[in-house]
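A.B. asks: Using only what follows, build the 3D model:
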Amino acid sequence: TRWNYESYYDFWKLVELSHYPVVYVDEMDTDRYNIAYIISPMNGEVRPYMETRTNRKSKVYMWNLERPGGSGSLEQYKNDNERLLQDRILDGILVSDRALAKRMDFHYVPLGSHHLLGMPGELTERFGKCLIHLSCYSPHRNFLFDNPSTLRKRLGEFDVLDNGWGEARHFNLQHASFMLNIHQDEFPYIEPLRFSLAAAYGLPILSEYCYDVYPYNGTHWV
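C.D. replies: Predicted coordinates:
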């Protein structure tokens, strides 16, 4: 999309590192056979453009990395996505949680990682009992925050490293002991981008319960 979503920085970095070509939504040439376009995220740019491409020959998919809670319920999440298929705005929905794909009857595509997405820090440089969670505020995560705009600096015996971007985030990811994963909503599906980033930095993931953490193994529930 032409609107830049900061939360999708790691997704687009993975696209770049994997050498996929990129075009804006309004540059898609849907008259071409044997080509698939993948949109992420869905926003107000997509429907108006796709409604003009009624006789398209290429396939157009949406890789949905958003949480079901953003729709209010699992039923509404499913209905919102299926409406895009019924209206022929899209040809398919991709999700990166195997349990969610099965429940919604969408296509499952694992979100991989890349060794250049991050660089593990030396064990000798870890800050001891420090964690990072890179979470935005939500009611389900309120115990991670002093208020909606301020992270709690300590959780139990662990210091909490700040969120951030660029070199500050890179530094903190290299010096954390582990990634804490708490869902934004009450639905126990994985956060593919957070897991991918933790993997690139060699960080253990301590996660709230998830139905299915594939392709990850050995995750501990908190």
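A.B. asks: Who does residue 205 form a beta bridge with?
C.D. replies: Residue 205 forms beta bridges with residue 179, as assigned by DSSP bridges.
A.B. asks: I'd guessed it sits against residue 177; true?
C.D. replies: No - counting by Cβ atoms under 8 Å, residue 205 sits too far from residue 177 to count as a contact (11.6 Å). For the C-beta atoms, the positions are set from N, CA and C on the backbone; glycine is no exception.
A.B. asks: Quick check: closest non-adjacent residue to residue 40.
C.D. replies: The shortest distance from residue 40 to any residue other than its chain neighbours is 4.1 Å, reached at residue 63 (Cβ to Cβ, 6 or more residues apart in numbering).
A.B. asks: Help me confirm that the one you found comes into contact with residue 36.
C.D. replies: No - the pair residue 63 / residue 36 is not scored as a contact, 11.1 Å apart, by Cβ under 8 Å.
A.B. asks: So for those two, which residue has more residues nearby?
C.D. replies: residue 63 (20 against 10; other Cβ atoms under 10 Å).
A.B. asks: and that one, what does it touch?
C.D. replies: Applying Cβ atoms under 8 Å, 6 or more residues apart in numbering, we find residue 63 in contact with 38-40, 94-96, 109.
A.B. asks: Kindly list the longest helix within the protein.
C.D. replies: For the chain, the longest helix by residue count, based on DSSP state H, is helix 74-86.
A.B. asks: What are the phi and psi values at residue 27?
C.D. replies: Backbone torsions of residue 27, given as degrees, to the nearest 10, read phi -100, psi 0.
A.B. asks: State the distance from it to residue 63.
C.D. replies: According to Cβ to Cβ, to the nearest Å, residue 27 and residue 63 sit 18 Å apart.
A.B. asks: Can you find the helix or strand of the chain with the lowest average pLDDT?
C.D. replies: For the chain, using mean pLDDT, DSSP states H and E, the weakest element among its helices and strands is strand 220-221, scoring a mean of 56.
A.B. asks: Would you mind measuring from residue 36 to residue 45?
C.D. replies: Distance from residue 36 to residue 45, by Cβ to Cβ: 19 Å.
A.B. asks: which regions of the protein sit below the pLDDT cut-off?
C.D. replies: Within the chain, the stretches with pLDDT under 70 are 123-127, 218-222.
A.B. asks: which residues in it form helices?
C.D. replies: Using DSSP H, helices in the chain cover 9-17, 46-50, 74-86, 98-104, 166-175, 192-200.
A.B. asks: check contacts around the residue of the chain most remote from its centre.
C.D. replies: Computed with Cα atoms, centre = their mean, the residue of the chain farthest from its C-alpha average is residue 55, at 31.5 Å. For residue 55, the contact set (Cβ under 8 Å, 6+ apart) is empty.
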